[in-house]
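A.B. asks: Predicted model and sequence follow; I will ask about them next.
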Amino acid sequence: MKEQKTNVMRVLEQKKIPYTAHTYDHGPEAVDGVTVAKMLGKDPGSVFKTLVTVGASRQHYVFDIPVARELDLKKAARAVGEKSIAMIHVSELTALTGYVRGGCSPIGMKKQFPTVLDESASAYQTICVSAGKIGAQVELAPEDLVRLVRGSLADITVEE
């Protein structure tokens, strides 16, 4: 069976960014990230989830953090120079990004939003992010991801 290329994979190929595609079995519901990491045989610290937020200014921001960690809203707001930020409602996700919950990728959204990757990403040679649909991930170098999304690195997770 030929793997289906996602928009994310097409963007990476177009920009000549090396990546490895991974797929995992799933039911109709998105599985949590830690389960995905286990299914892929990866350290959960190297598998990142993509969170979409809105700032006090009504500007949207994207944060990528390790699947087992939680976004610290205060640190995230500081990282993007906002007074405060809040998670968007899941019902707004597809209209805003073109992606569904559990398949949201920082790559290839309808619009490029300011993107911040948790600084822990730099501890890994490669990290995984969603390939744009449930059941698919792409593994790439964190610096390639930051460059592609014109993002930045910051400490944005809740202390463990």
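C.D. replies: Happy to help now that I have it.

A.B. asks: C-alpha from now on. contacts and neighbour counts both.
C.D. replies: Noted.

A.B. asks: List the buried residues for the helix or strand bottoming out on mean pLDDT in the chain?
C.D. replies: Among the helices and strands of the chain, helix 33-40 carries the lowest confidence by mean pLDDT, DSSP states H and E, at a mean of 94. Within helix 33-40, the residues that count as buried by 16 or more other CA atoms under 10 Å are 33, 34, 36, 37, 40.

A.B. asks: of all those, which comes closest to residue 109?
C.D. replies: residue 33 (19.8 Å; CA to CA).

A.B. asks: what about the closest residue in space to that closest one that isn't next to it in sequence, how many neighbours?
C.D. replies: Nearest non-adjacent residue to residue 33, counting by CA to CA, 6 or more residues apart in numbering: residue 67, 4.9 Å away. For residue 67, the count of nearby residues is 22 (other CA atoms under 10 Å).

A.B. asks: try residue 87
C.D. replies: Around residue 87 there are 15 residues (other CA under 10 Å).

A.B. asks: Distance of it relative to residue 78?
C.D. replies: 15 Å (CA to CA, to the nearest Å).

A.B. asks: same check, this time on residue 106
C.D. replies: Distance from residue 106 to residue 78, by CA to CA: 20 Å.

A.B. asks: does the residue positioned nearest the centre of the chain count as helix, strand or coil?
C.D. replies: Nearest residue to the geometric centre of the chain (CA atoms, centre = their mean): residue 50, 2.9 Å. What DSSP: H, G, I helix; E, B strand; the rest coil gives for residue 50 is strand.

A.B. asks: Same check on the one 3 residues further on?
C.D. replies: Under the three-state scheme (three-state DSSP), the conformation of residue 53 reads as strand.

A.B. asks: Next one: the nearest residue to it once chain neighbours are set aside, what pLDDT does it get?
C.D. replies: Nearest residue to residue 53, sequence neighbours excluded (CA to CA, 6+ apart): residue 87, at 4.2 Å. pLDDT for residue 87: 97.

A.B. asks: Many thanks, have a good one.
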